[in-house]
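J.: Let's see this in three dimensions:
(2 chains)
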Amino acid sequence: MVVIVGPTGVGKTSLALQLASQFNGEIISADSRSIYRGMDIGTDKPSLLIRNNIRHHLIDICYPDQTISLGQYKKLALDAINQTLAQHSTPFLVGGTGQYIMALVEGWQIPEVAPDESLRKELGKLSELELERWLTMVDPVSAERIDRRNTRRVIRALEVAFKIGKPFSGFQQKEEPDLDIVMIGLTADREAIYKRTDERIDNMMASGLLEEVIGLRNQGYTRRLPAMSGLGYQQLMAYLDGECSLEEAIIRIKFETHRFIRQQSSWFRADDQRIKWFDITNSDYRLSITDMLENWFMENRKY
RNA sequence: GGCGACGUGGCCAAGUGGUAAGGCAAGGGUCUGCAAAACCCUUAUCACCGGUUCGAAUCCGGUCGUCGCCU
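T.: So this is what the prediction gives:
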(Lines give C-alpha, C1' and ligand atoms only; values in the text may rest on other atoms or scores of the structure.)
Protein backbone atom coordinates (compact mmCIF):
# COMPACT_ATOMS: atom_id res chain seq x y z
CA MET A 1 0.00 0.00 0.00
CA VAL A 2 1.15 3.49 -0.81
CA VAL A 3 0.27 6.15 1.73
CA ILE A 4 0.33 9.82 0.83
CA VAL A 5 0.27 12.30 3.66
CA GLY A 6 0.97 15.95 4.31
CA PRO A 7 -0.80 19.15 5.20
CA THR A 8 -3.89 20.29 3.40
CA GLY A 9 -3.34 21.96 0.08
CA VAL A 10 0.07 20.53 -0.81
CA GLY A 11 -1.30 18.54 -3.70
CA LYS A 12 -1.80 15.06 -2.27
CA THR A 13 -4.87 14.44 -4.37
CA SER A 14 -3.31 15.44 -7.62
CA LEU A 15 -0.20 13.38 -6.93
CA ALA A 16 -2.33 10.40 -5.99
CA LEU A 17 -4.25 10.61 -9.24
CA GLN A 18 -1.06 10.64 -11.25
CA LEU A 19 0.46 7.74 -9.37
CA ALA A 20 -2.71 5.71 -9.35
CA SER A 21 -2.96 5.88 -13.10
CA GLN A 22 0.75 5.21 -13.51
CA PHE A 23 0.85 2.25 -11.19
CA ASN A 24 -2.63 0.84 -11.57
CA GLY A 25 -4.02 1.93 -8.27
CA GLU A 26 -7.21 2.80 -6.51
CA ILE A 27 -7.59 5.60 -4.05
CA ILE A 28 -8.67 5.13 -0.47
CA SER A 29 -9.52 8.52 0.91
CA ALA A 30 -8.42 9.29 4.45
CA ASP A 31 -10.27 12.53 4.77
CA SER A 32 -12.81 13.04 7.50
CA ARG A 33 -14.79 15.59 5.48
CA SER A 34 -14.87 14.10 2.00
CA ILE A 35 -17.02 11.32 3.36
CA TYR A 36 -20.01 13.68 3.23
CA ARG A 37 -22.25 13.97 0.23
CA GLY A 38 -22.91 17.48 -0.91
CA MET A 39 -19.79 18.93 0.61
CA ASP A 40 -17.71 19.18 -2.51
CA ILE A 41 -16.18 22.58 -3.01
CA GLY A 42 -15.05 23.15 0.55
CA THR A 43 -13.43 19.75 0.77
CA ASP A 44 -11.82 20.07 -2.63
CA LYS A 45 -13.13 16.70 -3.67
CA PRO A 46 -11.98 15.26 -6.96
CA SER A 47 -14.69 15.61 -9.59
CA LEU A 48 -17.05 12.81 -10.53
CA LEU A 49 -15.37 12.62 -13.89
CA ILE A 50 -12.05 11.89 -12.27
CA ARG A 51 -13.61 9.48 -9.85
CA ASN A 52 -15.16 7.58 -12.72
CA ASN A 53 -11.75 7.20 -14.20
CA ILE A 54 -9.91 6.06 -11.14
CA ARG A 55 -11.75 4.23 -8.43
CA HIS A 56 -12.11 6.18 -5.21
CA HIS A 57 -13.18 4.67 -1.93
CA LEU A 58 -14.67 6.35 1.13
CA ILE A 59 -15.83 9.49 -0.57
CA ASP A 60 -19.52 10.45 -0.38
CA ILE A 61 -20.37 7.59 1.92
CA CYS A 62 -22.83 9.41 4.15
CA TYR A 63 -24.96 12.50 4.57
CA PRO A 64 -23.91 15.54 6.59
CA ASP A 65 -26.18 14.69 9.46
CA GLN A 66 -24.52 11.33 9.93
CA THR A 67 -21.18 10.57 11.46
CA ILE A 68 -18.55 7.98 10.79
CA SER A 69 -16.47 7.12 13.79
CA LEU A 70 -12.84 6.18 13.79
CA GLY A 71 -13.65 2.52 14.30
CA GLN A 72 -16.12 2.49 11.44
CA TYR A 73 -13.71 4.33 9.23
CA LYS A 74 -10.98 1.86 9.96
CA LYS A 75 -13.14 -1.10 9.07
CA LEU A 76 -14.40 0.45 5.86
CA ALA A 77 -10.91 1.45 4.83
CA LEU A 78 -9.51 -1.98 5.54
CA ASP A 79 -12.26 -3.53 3.48
CA ALA A 80 -11.53 -1.18 0.61
CA ILE A 81 -7.82 -1.90 0.84
CA ASN A 82 -8.34 -5.64 0.76
CA GLN A 83 -10.78 -5.35 -2.06
CA THR A 84 -8.28 -3.37 -4.06
CA LEU A 85 -5.52 -5.84 -3.38
CA ALA A 86 -7.79 -8.72 -4.36
CA GLN A 87 -8.10 -7.12 -7.77
CA HIS A 88 -4.34 -6.91 -8.06
CA SER A 89 -4.42 -3.15 -7.86
CA THR A 90 -2.44 -0.98 -5.51
CA PRO A 91 -4.27 0.83 -2.76
CA PHE A 92 -3.26 4.45 -2.37
CA LEU A 93 -4.27 5.70 1.04
CA VAL A 94 -4.45 9.45 0.66
CA GLY A 95 -5.56 12.11 3.04
CA GLY A 96 -4.91 14.69 5.66
CA THR A 97 -6.74 13.18 8.60
CA GLY A 98 -3.85 12.10 10.75
CA GLN A 99 -5.90 10.02 13.09
CA TYR A 100 -7.35 7.95 10.26
CA ILE A 101 -4.01 7.39 8.62
CA MET A 102 -2.23 6.44 11.82
CA ALA A 103 -5.03 4.16 12.99
CA LEU A 104 -4.53 2.19 9.79
CA VAL A 105 -0.79 2.36 9.42
CA GLU A 106 -0.06 1.61 13.06
CA GLY A 107 -2.96 -0.77 13.39
CA TRP A 108 -4.73 0.75 16.36
CA GLN A 109 -6.98 -1.75 18.08
CA ILE A 110 -9.97 0.41 18.76
CA PRO A 111 -12.27 -0.64 21.60
CA GLU A 112 -15.54 -1.72 20.05
CA VAL A 113 -17.74 0.47 22.08
CA ALA A 114 -20.16 2.47 20.03
CA PRO A 115 -20.83 6.01 21.14
CA ASP A 116 -23.75 6.19 23.51
CA GLU A 117 -25.25 9.61 23.03
CA SER A 118 -27.44 9.53 26.09
CA LEU A 119 -24.58 8.45 28.33
CA ARG A 120 -22.40 11.15 26.85
CA LYS A 121 -25.09 13.68 27.49
CA GLU A 122 -25.42 12.60 31.09
CA LEU A 123 -21.70 12.69 31.67
CA GLY A 124 -21.56 16.05 29.96
CA LYS A 125 -23.53 17.49 32.82
CA LEU A 126 -20.82 16.65 35.33
CA SER A 127 -18.05 19.01 36.21
CA GLU A 128 -14.44 18.46 35.22
CA LEU A 129 -13.64 17.45 38.74
CA GLU A 130 -16.44 14.96 39.05
CA LEU A 131 -15.47 13.40 35.73
CA GLU A 132 -11.89 13.16 36.84
CA ARG A 133 -12.92 11.49 40.07
CA TRP A 134 -14.92 8.89 38.18
CA LEU A 135 -12.12 8.21 35.78
CA THR A 136 -9.56 7.83 38.55
CA MET A 137 -11.85 5.27 40.08
CA VAL A 138 -12.55 3.22 36.95
CA ASP A 139 -9.39 3.72 35.00
CA PRO A 140 -6.51 5.33 36.86
CA VAL A 141 -4.13 4.92 33.94
CA SER A 142 -6.33 6.94 31.60
CA ALA A 143 -6.97 9.45 34.34
CA GLU A 144 -3.24 9.97 34.48
CA ARG A 145 -2.88 10.15 30.72
CA ILE A 146 -5.78 12.28 29.61
CA ASP A 147 -5.88 15.97 30.35
CA ARG A 148 -8.90 16.28 32.62
CA ARG A 149 -9.75 19.58 31.03
CA ASN A 150 -10.39 17.81 27.75
CA THR A 151 -13.77 16.54 28.80
CA ARG A 152 -14.56 15.03 25.45
CA ARG A 153 -11.76 12.53 25.81
CA VAL A 154 -12.44 11.91 29.47
CA ILE A 155 -16.02 11.09 28.61
CA ARG A 156 -15.00 8.61 25.93
CA ALA A 157 -12.71 6.83 28.38
CA LEU A 158 -15.55 6.64 30.88
CA GLU A 159 -17.92 5.44 28.20
CA VAL A 160 -15.67 2.52 27.34
CA ALA A 161 -15.01 1.66 30.98
CA PHE A 162 -18.71 1.74 31.87
CA LYS A 163 -19.81 -0.24 28.85
CA ILE A 164 -17.42 -3.12 29.15
CA GLY A 165 -16.40 -2.85 32.72
CA LYS A 166 -12.74 -2.73 31.86
CA PRO A 167 -10.46 0.26 31.69
CA PHE A 168 -10.11 2.05 28.37
CA SER A 169 -6.36 2.15 28.78
CA GLY A 170 -6.21 -1.64 28.68
CA PHE A 171 -7.48 -1.67 25.11
CA GLN A 172 -5.17 0.79 23.54
CA GLN A 173 -3.02 -1.71 21.71
CA LYS A 174 -1.40 -1.52 18.34
CA GLU A 175 -1.13 -4.36 15.90
CA GLU A 176 0.93 -3.74 12.81
CA PRO A 177 -1.20 -4.46 9.76
CA ASP A 178 -0.13 -7.22 7.42
CA LEU A 179 0.66 -4.87 4.56
CA ASP A 180 3.74 -3.56 2.85
CA ILE A 181 3.59 0.16 3.28
CA VAL A 182 5.47 3.09 1.78
CA MET A 183 4.66 6.48 3.15
CA ILE A 184 5.14 9.50 0.98
CA GLY A 185 4.95 12.92 2.60
CA LEU A 186 4.49 16.11 0.66
CA THR A 187 5.72 19.27 2.27
CA ALA A 188 6.95 22.82 1.78
CA ASP A 189 7.84 25.56 4.16
CA ARG A 190 4.97 26.95 6.14
CA GLU A 191 4.77 30.25 4.38
CA ALA A 192 4.48 28.58 1.01
CA ILE A 193 1.77 26.26 2.21
CA TYR A 194 -0.18 29.10 3.79
CA LYS A 195 0.03 31.02 0.57
CA ARG A 196 -1.24 28.05 -1.41
CA THR A 197 -4.16 27.41 0.87
CA ASP A 198 -5.07 31.09 1.05
CA GLU A 199 -5.30 31.13 -2.71
CA ARG A 200 -7.19 27.90 -2.75
CA ILE A 201 -9.76 29.37 -0.40
CA ASP A 202 -10.23 32.37 -2.67
CA ASN A 203 -10.73 29.95 -5.54
CA MET A 204 -13.27 27.97 -3.58
CA MET A 205 -15.22 31.14 -2.95
CA ALA A 206 -15.07 31.94 -6.63
CA SER A 207 -16.28 28.44 -7.43
CA GLY A 208 -19.35 28.85 -5.29
CA LEU A 209 -18.48 27.66 -1.81
CA LEU A 210 -20.92 30.12 -0.31
CA GLU A 211 -23.70 28.81 -2.53
CA GLU A 212 -22.84 25.28 -1.49
CA VAL A 213 -23.14 26.22 2.17
CA ILE A 214 -26.42 28.02 1.56
CA GLY A 215 -27.69 24.93 -0.19
CA LEU A 216 -26.76 22.68 2.73
CA ARG A 217 -28.37 25.12 5.10
CA ASN A 218 -31.57 25.13 3.08
CA GLN A 219 -31.62 21.36 3.29
CA GLY A 220 -31.76 21.78 7.03
CA TYR A 221 -28.23 20.90 7.97
CA THR A 222 -27.37 22.94 11.01
CA ARG A 223 -24.20 24.39 12.30
CA ARG A 224 -24.03 22.02 15.21
CA LEU A 225 -23.46 18.96 13.06
CA PRO A 226 -19.95 17.54 13.15
CA ALA A 227 -19.90 17.70 9.37
CA MET A 228 -20.42 21.43 9.52
CA SER A 229 -17.44 21.93 11.77
CA GLY A 230 -15.35 21.65 8.64
CA LEU A 231 -13.19 24.51 7.48
CA GLY A 232 -15.17 26.91 5.40
CA TYR A 233 -18.56 25.53 6.34
CA GLN A 234 -18.38 26.61 9.95
CA GLN A 235 -17.23 30.13 9.15
CA LEU A 236 -19.66 30.70 6.31
CA MET A 237 -22.51 29.45 8.49
CA ALA A 238 -21.47 32.07 11.03
CA TYR A 239 -21.58 34.68 8.30
CA LEU A 240 -25.02 33.51 7.18
CA ASP A 241 -26.18 33.80 10.77
CA GLY A 242 -25.09 37.41 10.71
CA GLU A 243 -22.25 37.00 13.14
CA CYS A 244 -19.61 38.53 10.94
CA SER A 245 -19.02 40.01 7.54
CA LEU A 246 -18.14 37.86 4.57
CA GLU A 247 -14.63 39.30 4.55
CA GLU A 248 -14.15 38.35 8.18
CA ALA A 249 -15.47 34.89 7.53
CA ILE A 250 -13.00 34.36 4.72
CA ILE A 251 -10.10 35.55 6.83
CA ARG A 252 -11.17 33.21 9.57
CA ILE A 253 -11.26 30.32 7.14
CA LYS A 254 -7.71 31.13 6.18
CA PHE A 255 -6.45 31.42 9.75
CA GLU A 256 -8.24 28.29 10.85
CA THR A 257 -6.74 26.49 7.90
CA HIS A 258 -3.29 27.62 9.02
CA ARG A 259 -4.00 26.26 12.44
CA PHE A 260 -5.17 23.00 10.94
CA ILE A 261 -1.96 22.75 8.95
CA ARG A 262 0.05 23.17 12.15
CA GLN A 263 -2.04 20.52 13.78
CA GLN A 264 -1.45 18.13 10.89
CA SER A 265 2.27 18.52 11.25
CA SER A 266 2.07 16.95 14.65
CA TRP A 267 0.59 13.81 13.07
CA PHE A 268 2.91 13.84 10.10
CA ARG A 269 6.23 14.79 11.54
CA ALA A 270 9.20 15.94 9.58
CA ASP A 271 11.41 13.59 11.58
CA ASP A 272 9.15 10.54 11.22
CA GLN A 273 11.45 7.89 9.77
CA ARG A 274 8.56 6.03 8.21
CA ILE A 275 7.72 8.94 5.95
CA LYS A 276 9.73 9.79 2.86
CA TRP A 277 9.35 13.52 2.50
CA PHE A 278 9.33 15.44 -0.77
CA ASP A 279 9.36 19.20 -1.05
CA ILE A 280 6.84 20.36 -3.61
CA THR A 281 8.83 23.54 -4.13
CA ASN A 282 11.34 21.31 -5.83
CA SER A 283 10.41 21.33 -9.50
CA ASP A 284 11.16 17.65 -10.07
CA TYR A 285 9.68 16.22 -6.91
CA ARG A 286 7.22 14.12 -8.85
CA LEU A 287 9.98 12.46 -10.80
CA SER A 288 11.78 11.65 -7.58
CA ILE A 289 8.64 10.11 -6.21
CA THR A 290 8.04 8.04 -9.32
CA ASP A 291 11.62 6.76 -9.22
CA MET A 292 11.31 5.89 -5.59
CA LEU A 293 8.04 4.09 -6.13
CA GLU A 294 9.36 2.10 -9.06
CA ASN A 295 12.10 0.76 -6.84
CA TRP A 296 9.66 0.04 -4.13
CA PHE A 297 7.40 -1.92 -6.46
CA MET A 298 10.34 -3.94 -7.66
CA GLU A 299 11.20 -4.91 -4.14
CA ASN A 300 7.59 -5.80 -3.46
CA ARG A 301 6.88 -7.94 -6.48
CA LYS A 302 3.54 -9.01 -5.23
CA TYR A 303 1.93 -5.98 -6.80
C1' G B 1 7.62 77.34 12.27
C1' G B 2 3.49 77.12 16.21
C1' C B 3 -0.15 74.31 19.00
C1' G B 4 -2.23 69.62 20.44
C1' A B 5 -2.54 64.33 20.81
C1' C B 6 -0.11 59.96 20.76
C1' G B 7 4.25 56.29 20.92
C1' U B 8 2.89 49.16 25.38
C1' G B 9 5.22 41.98 22.12
C1' G B 10 4.29 40.73 14.60
C1' C B 11 -0.87 43.35 14.78
C1' C B 12 -5.08 45.30 17.83
C1' A B 13 -5.33 46.65 22.83
C1' A B 14 -6.09 47.21 28.68
C1' G B 15 -3.41 49.29 32.43
C1' U B 16 -2.33 56.65 35.09
C1' G B 17 2.87 55.16 41.09
C1' G B 18 3.94 49.09 43.41
C1' U B 19 7.54 45.59 39.34
C1' A B 20 2.98 44.38 32.36
C1' A B 21 -5.00 41.97 31.28
C1' G B 22 -7.02 40.21 26.95
C1' G B 23 -7.79 39.22 21.66
C1' C B 24 -5.60 38.06 16.89
C1' A B 25 -1.42 36.15 14.39
C1' A B 26 2.69 32.79 14.97
C1' G B 27 5.18 28.52 17.19
C1' G B 28 5.06 23.89 20.07
C1' G B 29 2.36 19.68 22.26
C1' U B 30 -1.66 15.80 23.45
C1' C B 31 -4.48 12.46 20.54
C1' U B 32 -7.27 4.63 20.07
C1' G B 33 -15.35 5.33 17.75
C1' C B 34 -17.31 13.58 17.02
C1' A B 35 -10.43 14.54 14.84
C1' A B 36 -11.14 20.12 9.38
C1' A B 37 -13.03 17.91 16.58
C1' A B 38 -11.55 18.70 21.62
C1' C B 39 -7.75 20.19 24.86
C1' C B 40 -2.88 22.13 26.76
C1' C B 41 1.64 25.14 26.60
C1' U B 42 4.87 29.35 24.69
C1' U B 43 5.85 34.87 23.12
C1' A B 44 7.25 42.32 25.86
C1' U B 45 9.90 45.16 30.98
C1' C B 46 6.00 49.50 28.03
C1' A B 47 10.28 54.75 21.59
C1' C B 48 15.04 56.71 23.65
C1' C B 49 17.87 59.68 27.45
C1' G B 50 17.80 62.00 32.12
C1' G B 51 15.14 63.38 36.65
C1' U B 52 11.47 62.90 40.96
C1' U B 53 10.35 58.64 44.22
C1' C B 54 11.66 53.35 48.73
C1' G B 55 9.38 52.11 44.01
C1' A B 56 7.38 54.58 37.17
C1' A B 57 4.70 51.88 31.39
C1' U B 58 2.24 55.21 34.65
C1' C B 59 4.77 61.99 37.34
C1' C B 60 8.50 65.94 35.33
C1' G B 61 12.21 67.59 31.48
C1' G B 62 14.58 66.64 26.91
C1' U B 63 15.36 63.86 22.19
C1' C B 64 13.35 61.17 18.20
C1' G B 65 8.98 59.44 15.62
C1' U B 66 3.69 59.38 14.13
C1' C B 67 -0.89 61.82 13.51
C1' G B 68 -4.09 66.14 13.63
C1' C B 69 -4.87 71.28 13.58
C1' C B 70 -2.85 76.20 12.71
C1' U B 71 0.47 79.70 10.09
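J.: so what's residue A:277 closest to, chain neighbours aside?
T.: Excluding its sequence neighbours, the residue lying closest to residue A:277 (CB to CB, 6 or more residues apart in numbering) is residue A:185, at 4.4 Å. Every residue, glycine included, has its C-beta placed from N, CA and C.
J.: Could you do residue A:146 as well?
T.: Setting aside the residues directly before and after it, residue A:146 is nearest to residue A:153 in space (CB to CB, 6+ apart), at 5.0 Å.
J.: Tell me if that neighbour really is in a helix.
T.: Yes. With DSSP: H, G, I helix; E, B strand; the rest coil as the criterion, residue A:153 is part of a helix.
J.: What residues does the stretch 151-300 of chain A have near RNA strand B?
T.: Residues of the stretch 151-300 of chain A lying close to RNA strand B (CB under 7 Å from any atom of the strand) are A:151-153, A:155-156, A:160, A:168, A:171-174, A:190, A:194, A:226, A:229-232, A:252, A:255-256, A:258-260, A:262-267, A:269.
J.: Repeat the analysis, applying 6 Å as the threshold.
T.: Within the stretch 151-300 of chain A, the positions near RNA strand B by CB under 6 Å from any atom of the strand are A:152-153, A:156, A:172-174, A:190, A:226, A:229-232, A:255-256, A:258-260, A:262-263, A:265-267.
J.: Okay, and which of these map to strands?
T.: With DSSP state E as the criterion, strands contain A:173-174 from among these.
J.: ok, of the residues of the stretch 151-300 of chain A next to RNA strand B, which come out buried?
T.: A:153, A:156, A:172, A:230-232, A:258, A:260, A:265, A:267 (16 or more other CB atoms under 10 Å).
J.: Between the residues you listed, which has the least confident prediction?
T.: Among those, residue A:172 has the lowest pLDDT, at 79.
J.: tell me the contacts of it?
T.: Counting by CB atoms under 8 Å, 6 or more residues apart in numbering, residue A:172 touches A:108-109, A:111.
J.: quick revisit: mind checking how far the residue nearest to residue A:146 is from residue A:135?
T.: Between residue A:153 and residue A:135 the computed distance is 10 Å (CB to CB, to the nearest Å).
J.: can you list residues touching both of these two?
T.: Common contact partners of residue A:153 and residue A:135 (CB under 8 Å, 6+ apart): residue A:146.
J.: any idea where the strands of the stretch 151-300 of chain A begin and end?
T.: For the stretch 151-300 of chain A, the strands defined by DSSP state E, counting those that start in this stretch cover A:173-174, A:182-187, A:275-279.
J.: Which one of those lies nearest to residue A:32?
T.: Across these, residue A:32 has its closest neighbour in strand A:182-187 (18.6 Å, CB to CB).
J.: The closest one pairs with which strands, and in what direction?
T.: strand A:2-5 (parallel), strand A:275-279 (parallel) (DSSP bridges).
J.: what residues does stretch A:229-241 touch?
T.: By CB under 8 Å, 6+ apart, stretch A:229-241 touches A:33, A:39, A:42-43, A:201, A:204, A:209-210, A:213-214, A:216-217, A:223, A:227-228, A:244-246, A:248-250, A:252-253, A:256-257, A:260.
J.: The top helix by length along chain A packs against which elements?
T.: Longest helix in chain A by number of residues (criterion: DSSP state H): helix A:246-264. Applying 3 or more CB pairs under 8 Å, 6 or more residues apart in numbering; DSSP states H and E, one finds that helix A:246-264 contacts helix A:190-206, helix A:233-240.
J.: right, so of those, which gets closest to residue A:273?
T.: helix A:190-206 (21.9 Å).
J.: May I see the buried residues of that closest one?
T.: Buried, per 16+ other CB under 10 Å, within helix A:190-206: A:193-194, A:196-198, A:201, A:204-205.
J.: same thing with stretch A:76-83?
T.: Residues A:76-78, A:80-81 are the ones in stretch A:76-83 that count as buried (16+ other CB under 10 Å).
J.: between those residues, which is nearest residue A:52?
T.: residue A:80 (17.0 Å).
J.: roughly how far apart are that closest one and residue A:104?
T.: 11 Å.
J.: Same question for residue A:199.
T.: Residue A:199 is 31 Å from residue A:104, where distance means CB to CB.
J.: repeat for residue A:179
T.: From residue A:179 over to residue A:104 the distance is 9 Å, taken as CB to CB.
J.: Common neighbours of the two, please.
T.: residue A:81.
J.: of these two, who's got more company?
T.: The neighbour comparison of residue A:179 against residue A:104 (other CB atoms under 10 Å) goes to residue A:104, with 22 against 16.
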